[in-house]
Each structure stands twice: as structure tokens, then as C-alpha cells.
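Enquirer: here's a sequence, model it:
(2 chains)
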2 protein chains.
Amino acid sequence: MDNNHLKNRLDKMFFPQSIALIGASDVPGKWGNLILMSVLGGGYTGKIYPVNPKKDSILDIKTYPILSDIPDDIDLAIITIPARLVPDALKNCISKGIDSVVVISSGFKETGSEGAELEKEICRIAREGDLLFIGPNTMGIASAHHHFEAVPTPTAARPGGLAIISQSGNLGLQIMKWTAHKDIGLSIYAGTGNEALLKASDLVTYLGKLDEVKAIAMYIEGITNGREFREHAKIITKKKPIIALKTGRSKSGSKAAQSHTGSMAGSFATYSAMFRQTGIIQVRTPSELLNVAAAMTHLPVPKSNRVGIMTMGGGWGVITADECEDSNLELPALSQEIIKDLDNLLPDYWNRSNPIDVVGEGDPDLYLHVIEALAKWDEIDSVIALGIVGRSMFIEDMIECQEKIDGKIFSRELKLSILKDQIKTEQRIISGIGRIQKETGKPIPVVALTEGGLILTDTEYGGVISLSTPEEAVNILAHMARYGQYLSNSNI
Amino acid sequence: MDNNHLKNRLDKMFFPQSIALIGASDVPGKWGNLILMSVLGGGYTGKIYPVNPKKDSILDIKTYPILSDIPDDIDLAIITIPARLVPDALKNCISKGIDSVVVISSGFKETGSEGAELEKEICRIAREGDLLFIGPNTMGIASAHHHFEAVPTPTAARPGGLAIISQSGNLGLQIMKWTAHKDIGLSIYAGTGNEALLKASDLVTYLGKLDEVKAIAMYIEGITNGREFREHAKIITKKKPIIALKTGRSKSGSKAAQSHTGSMAGSFATYSAMFRQTGIIQVRTPSELLNVAAAMTHLPVPKSNRVGIMTMGGGWGVITADECEDSNLELPALSQEIIKDLDNLLPDYWNRSNPIDVVGEGDPDLYLHVIEALAKWDEIDSVIALGIVGRSMFIEDMIECQEKIDGKIFSRELKLSILKDQIKTEQRIISGIGRIQKETGKPIPVVALTEGGLILTDTEYGGVISLSTPEEAVNILAHMARYGQYLSNSNI
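Expert: Below is the predicted model:
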């Protein structure tokens, strides 16, 4: 299939104006019900045509006994009926002039040789009829800018720059959920299922050209057309980052991957080498995939691996310095200029080295001054700010404690106003970090004293990302720095 | 100081019947106020004597101008006054017959040579007067079974088995906070500050003998009396685990540690070797320290590194298998007996290998059957259960989605009852896992599809721990397995 042909069908798949749902159901928990609920609940504004021979209407939507009865043109069909009925359904699609289909139905290659035969059959039908389908055995797709979610449970993800391609349904949906819950901003989600026809690599090529996509996150068990993937990836990574989690690096993992999607995992080392050569960022775990992808869609990319650190507490600085060195991030010694500048602001005995320990000083303007001094310094290209936000947790605990001895010192109003002040102060710090990040073009991940991993805060200057542990911040910067260096080298 | 002498003073420090707070204040934010609020808010039931020459009462508590005016015996004095006044305060303590003191005040060795001189002076005074103090420059101590928290903000930690020793105040308090928020159960918290007199190693010896302590978590920048520490640790680790985070493994980290508490970090490799020889579990980051410590206080210790995995989704199984192999955990191939057993319960095409993929089957009794089959199998000593709890998140999202298309299918009541059912089902699964864990004596960490890291759930059979990522579960088991093997070897 040539590229324009492919693009046309994928545009219909991800941005359909009209959908037929073959197997629509009003039985809760059935795929034909889940998908319909998801499309409706996700806010889809196009036309929806449920197909079910036994119903006149489902969820108050007029339902058609057979596809050919639908009076309008259909951009996309979604199929949830049992596997053995899928061949006929595809033939009906072709007769109806539909050339873009999502096959949710399972019961194909993943279930054994009989299923594999059936999978071959639907491929043959599709090829003969010039029809493109994703799947089978996919848990769905989504397109947040189009408010189109055909997944088991909709996420109402905010439209944004992250595209996710996953060769595992469960895992991909989990990453999409996290993307939604953390408000990172989603463009496309595509669970590729068995990849009988449409491959993950085809999607990468497509997403590489889609303007709304700022970064592509991939969960990979095995890539079938490696040469093509490599060529396209090399071009794409110069414009937008691809972050890949390739599994099967262990014997057990590789075996498990094979029985999972039937894909040959291939040599892990070969993949790693290919990722390195094409500028693909390789991560190890799903949470790392999400963290790096979130940072890549919101923070500027650093030009080097040199980092400046500011910390509220000495211990956290030590931990972070250790993590940096393990991850090949350098901490240059402070310049005399910075030392002189900070001598005016910090206590006599401040440590005069990187990480800068602000020794518990409580002034937000001081924090921002130190962060700005670091960010403007030529010798480094990113800053980690440790422990200056998330402190309202302490105040909440203090208020709770004071409740127990109430009447003795503060009124409830005063306590809440203290908490409000702290939250305001932290917002001011975050906003200041956003400004410095934007002005200097250097990423400034924040390590907050909170739980729950990555938090994205929108400021008027763009997103600021905070993490609950220093190792997450360091990991993100290490990947970003490697990518930044790849970009510089490949532009020479 | 001989051991009984030391024990006597430390008993007074952590389980005082009466406290004098030298420097008590009614000014919010001052240490003398924070500590008093914390002691009160933490629920301390002993006697409290604030000392402040300018006040008759603070927080409605009768306040004494000088220590000698207090009519009763005092077990513990807590000092928050400026550094230069501390020598006289210690002399007053000695006159009053107080031999156990917490010196919160900073401005000693950590601020330069003048402070170092002052620190030497207070050590001399203490030694001459046979007085023991912790600090200076500590952010406090706590003893949860005694409901005694002398820290900047109280945590109301549930009394439990974890003791925390920290050479960083900020970091130690953060770990104590997490321990409280995650309801892990705290015994003792001790921030050792500059360790002028009382060393972390003295505390380890003391906590080793305290029955309520089930595990000891340590943040270490440098141990001063290594030989003694090694001897005591070797004895303690046979009865209860010590988990240590030693920083300064990098050049920058080691330099930062030195300027932070003035301790010589020493060779990191020397520490690592010492930890290995004495059975101390070495971790890398604060969150790892907390996770492993939590598991060690609630889960049984596995006898080997052989693991069985059950997963709801293939992808997660692959990821976890990879992580296991990286962490030296083995996944034995399933026995014919287990395969035969599960052939009756799982679809034809189930993968028949470890990890066991239950291919999306939704029956809680099936999950528990598979987990129990694994746990009872001789070839493995721990089980990871992936993706079977935390699914109520999906239902919440689904309900939210349904709200948007309300009236079309479910009533609000029905939706909430579905959610309630799911929560109930998950509680039943967790309780079942608790039972299997107790009956087999094998740890069964759960990986839930939730955010927020470690969650501890109490069941009638003991605690069950869930993590939000497989890498956390694998990391915990890897450390536990190594400790289990150390115990077997050292008992031969």
C-alpha cells in the first residue's frame, strides 16, 4: 500500500466522520456495549450507526440489522462480533465501500492454529477488497483531538501532543489512562493487537507526519518490518522524539512475549543497537515510558548532560548527585561568578558547590534566584529543583495536629489561611520555574515532597513537571540529554 | 559508655515520662513552638515542662523561667535555643539530674570551625556530667508506641515495627512521613544530626534489642565506628533485617555528603562489602528504602529467588519477567501438575508457562486458585500477582463516562452498586492473598493498576502490600530473596 493510500485510510480510522459498530450491544460488559459507551462518553460528535440484527435501537440510537441498510457513507467500521463471523463482516464492509476497520474481536492467531488460519483469511479478504484494518485482538484506538475513544473505558483525555502505540492492549490502555489522569495531553492511542495487516511501523510513519503529535511512545514486543521502520524512524526522530519500551530482554520475558502476541521478539541487543542508531529513546518500564514521554511533550530538550541542582535539604542533594553520576549526568563545579552572587544571599557556611544546598532557607524569591542563576549559567543545560514544592503536605499534617489541641493557639480560619498561603507560594514558585524554563530553554524538573509520581502543572509559560523521587527526575533528564546530544550530532 | 548505661539513657530518650522543653515558644514557626506543638499533637501523655524565662505559660501549659524551678524529675530535655546558649543549658541539665537530651539547635560543626569548637565543648560538658545527647543539628526523634513525636510536624504514625535512623533530617522526616501516610507502622524515628556523641551505630545496637522493632531502615552518609557497627549488625540481622541506604557512591555525592553533615563518606565499595558480609540489605534510593522496609515488616521472607507470576494482561507479564531476570530472580517452568490443574480452569489456548496469563478472565476465585496453586508449589518461594486489583479505577472512569450519557442505560444507583461490588471483590481478593500468604509463608506482593506507589492493606491474616509498578514488586522480592538466602547460609 503506498503512503498516500495508507494515510487516507488512517485518517478515516482516527478522525472518522461516521462510524458503524458491528456487534453493538446493550448488554453491560460486552465489548459491543463497552465500545459504544466509550464512543458516546468520550464526546464523539460524528455519526454513529450501531449494527445488530436483533435490536431496533441501542442506548436510544437507531440500530440497523445489517450494514447495507445504513443510508449514509461510513468512514470507519468497528467490529466486536465473534471471530468466525468476522470474514463475512469484512466482506460486507467492502460491499458498503468501507475501507478502514478496527477489528476488536479476539480468537485469531493468539488462540492457536485454527485462529491463525482465520487470521490469514481475513487478511486475504482485506487485501482483495483494498480494505485496511487494525487488529484483530486489539483493545481499541482513540484520537483525543477528535474526541473519539473506541476503548473499553473512555478516559476523557485532554487533547495534547502524545501518541501511544502499543502491542499490548492491557498495558497500552494503562498508559493511556495514566496519560489522561495526569493530564499530559493525548493525541492518538493505537492498540495494534495481532498486527495481521497494519503494523506498528506503519503507524509510526503516519504519526511522524501528523502535526498534532509532539512525541511518540511505543510498547514493542516485536517489529516485523525492521528495515522500513528503521528508515522512517531515523527521519522522524529529527523532528519529534520516539520513546520505545522493547520487552523480551530476558529469556522468560522473550518467551512470554512470544506466547502473548505470537510475535518473534528477536534479539534484544539488535533492537537496542537499532534504537541507538535511529535516535529512538529506549526505556525499560511502562512508568519510565510515561515519564519520559510526558517530559518530551512539555519540556525543552537540553543540549548537554550537564546539570545544576538546588536542594532544600542536604540529604536529598547527596542522593540526587549519586543518581546523576550513575546515569552519566555531569555536575560541573560552580563558577566563581555564581558563588559570589549567592554569597550575598545564603548563610556564611553555604556549601558553595553543586548541588547547592539552600540550608532550609524559606524564601521563595531566593529559590527562584538560585534556580535562575543556575539556568542562565553556560556550563549547564538543565536544572533539578529539590524539595521546594509539596510542602503544603507538612502544613496539612500540622493543621491536623493543631486540631487536636484546638483553641490553644490558632483559629481554624488562621490555619486554613496559612495553608492557602503555602499553596499560593508554591504556585508562585512553579510559575517562576515555568518562566525560567521558557526564557532559558533548559528543562527544570522539580522533585516535590509528594506521592503519586509525575504531576504536570500548566503555567502561563508552559508545563512544569514535578516528580515524587529524585531518581525519576534524573532518569528523565538522562534520556533527554542523550536525545539532545543525538540531535546535535545528527545535525552536524 | 557501657551498654546498660546506654540503654538506660536511650530508654529515657525514646520513652520519657517527663519532658523539659528548653526554648519553648509561642511564636509559630520557631523550633521551640514546632516541637511543643508536635509533642502535644502527637498525643504524648507524659508530663511536659516548657522552659522560657519570658513566659508564664505557653499553649496554656505552665512554663518555668529556668530548668531548676521545675519541681519534678525530668527524663528528657529537648533543647531548641541558639547554639551559643547550649553549653550552659547542658550544665543546667546535669545539675537537675537529667542525663538524656535531644539537641535540636543548629550552628555547630556544620557551620564551620567556630561551630566545631562549640560542638567539642558540649561534648566535653556531656562526658564530664555523664549526660547523653542526640544531635546537635537534629530535626528530632519520635517513638510511636509511646505516642511521642518531637519533630517539626507530627505524623500521628500508627505504632508498628519499623525503626528509622537517619543522618539527614529532611530526608529522614520525609521517610517517617511516608511511613505514616502509608500506614506502615512506626516504632522509633531518630534523626542523628551531627552525631557529636551518640552515633547511628549506638542506635542500631539499641534498636536491635527492642522487641517492638521488626526492621531497621537507615539513611547513612558515614559510619564513624565501623568495627563496632559491623559486629553488632551481624548479630542483629539474624533476628531482624537492617535496610541501609548509603549515599556518596559518586564523586559529587560523596563531596555533597561531606559538606552536608561533615562526615567522611569513606569508600562506597568498603561499605557495600561490609553490608554484604553482615547481611545488611543495601538499597539505592529513599523510596526503595521505604518499600523494602515496609515489605520486611509485613511479609514473610522468601527462602529462595524463585518466583511465580500470575498476570491479567500479557504485556505486564512480559515486563515483569524481564525485570525479574535483571534482578536475579528466577522463573521456573511450570510443573505438569500445575498445568493439568489449570487446564481445567483456563481457556484452551492459555500459555502454560510462568508468567501465567489468565487472559482477561474475570473470576476472582480463579485468580485466587492460580495464586494458591503457585504459592503451594515447592519450586517457588514467592508470587507476584499482576493487575487483578485496582480495577475499580476503570469502573470509576466508566461511571463518569456514563454520567455524560445518563438515562440511556444505567441509573446512578446501579452504577454505584457496580463500583461497590468491584471494591468488595477486590477486598475479597486481597483478603484471599493474605490468607494464602500466611498459610504458605511466602510473600505475595500485588501490582495494582493504581497510582501512588506502595499501599498496605490490613487483612485478618496480616498485611498485603500492593505496588503501582512491577519493577517495585520485583525490587522488593529481589532484596527479600537475597536476605532469605543470607539467613539460610548463616544458619548452616
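
Enquirer: does chain B sit close to stretch A:323-332?
Expert: Yes. Judged by Cβ under 8 Å from any Cβ of the partner chain, stretch A:323-332 comes into contact with chain B at A:323-326, A:331. Just so you know, the C-beta spots here come from the backbone N, C-alpha and C atoms, and that holds for glycine as well.

Enquirer: and for that stretch, what's in contact with it?
Expert: Residues from elsewhere that reach stretch A:323-332, judged by Cβ atoms under 8 Å, 6 or more residues apart in numbering or on different chains: A:305-309, A:321, A:354-355, A:379-380, A:470-471, A:474-475, A:477-478, A:481, B:249-253, B:284-285.

Enquirer: can you flag which of those belong to helices?
Expert: A:321, A:470-471, A:474-475, A:477-478, A:481, B:251-253 (DSSP state H).

Enquirer: now for residue A:369: which residues touch it?
Expert: Taking Cβ under 8 Å, 6+ apart, we find residue A:369 in contact with residue A:345.

Enquirer: element containing it?
Expert: Here residue A:369 sits within helix A:364-375, counting by DSSP states H and E.

Enquirer: any residues touching stretch A:51-59, and which ones?
Expert: A:20-26, A:32, A:36-37, A:40, A:50, A:62-67, A:70, B:405, B:408-409.

Enquirer: could you list every residue that touches the nearest residue to residue A:276 once chain neighbours are set aside?
Expert: Leaving aside its chain neighbours, residue A:276 sits nearest to residue A:282 (7.6 Å; criterion: Cβ to Cβ, 6 or more residues apart in numbering or on different chains). Contacts for residue A:282 (Cβ under 8 Å, 6+ apart) come out as A:243-246, A:272, A:275-276.

Enquirer: same question, residue A:141
Expert: Applying Cβ under 8 Å, 6+ apart, one finds that residue A:141 lies in contact with A:13-14, A:102, A:134, A:150-151, A:188-191.

Enquirer: rerun that using 7 Å as the cut-off
Expert: A:13-14, A:102, A:134, A:150, A:189-191 (Cβ atoms under 7 Å, 6 or more residues apart in numbering or on different chains).

Enquirer: which ones among those lie within helices?
Expert: Using DSSP H, the contacts of residue A:141 in helices are A:13-14.

Enquirer: ok, the contacts of residue A:141 vs chain B, which is closest?
Expert: Nearest to chain B among those: residue A:191, at 10.1 Å, using Cβ to the nearest Cβ.

Enquirer: near chain B, which residues of the stretch 301-450 of chain A?
Expert: Residues of the stretch 301-450 of chain A lying close to chain B by Cβ under 7 Å from any Cβ of the partner chain are A:312-319, A:321-322, A:324-326, A:331, A:349, A:351, A:353, A:355, A:357, A:387, A:394, A:397-398, A:401-402, A:404-405, A:408-409, A:449.

Enquirer: please redo it, this time with the cut-off set to 8 Å
Expert: A:312-319, A:321-326, A:331, A:347-349, A:351, A:353-355, A:357, A:360, A:387, A:393-395, A:397-398, A:400-402, A:404-405, A:408-410, A:449.

Enquirer: tell me which helix or strand of chain A sits lowest on mean pLDDT?
Expert: helix A:251-261 (a mean of 68; mean pLDDT, DSSP states H and E).

Enquirer: show the subsequent helix or strand relative to the strand or helix carrying residue A:21.
Expert: According to DSSP H and E, residue A:21 maps onto strand A:18-22. Moving toward the C-terminus from strand A:18-22, the next helix or strand (DSSP H and E) is helix A:31-41.

Enquirer: now for that following helix, which elements pack on it?
Expert: Contact analysis of helix A:31-41 by 3 or more Cβ pairs under 8 Å, 6 or more residues apart in numbering or on different chains; DSSP states H and E lists strand A:18-22, strand A:47-51, strand A:148-150, helix B:392-404 as its packing neighbours.

Enquirer: returning to what we had before: give the pairing partners of the helix or strand containing the residue nearest to residue A:276; include direction for each.
Expert: Per DSSP H and E: residue A:282 is located in strand A:281-283. In the sheet, strand A:281-283 lines up against strand A:242-246 (parallel) (DSSP bridges).

Enquirer: with only the CA atoms kept, save the partner strand in CSV.
Expert: Provided in CSV are the C-alpha atoms of strand A:242-246 (Å, rounded to 0.1, in the frame of the first residue of the first chain):
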residue,chain,number,x,y,z
ILE,A,242,10.2,8.4,19.7
ILE,A,243,10.3,6.7,23.1
ALA,A,244,10.3,2.9,23.0
LEU,A,245,9.8,0.2,25.5
LYS,A,246,11.0,-3.0,24.0
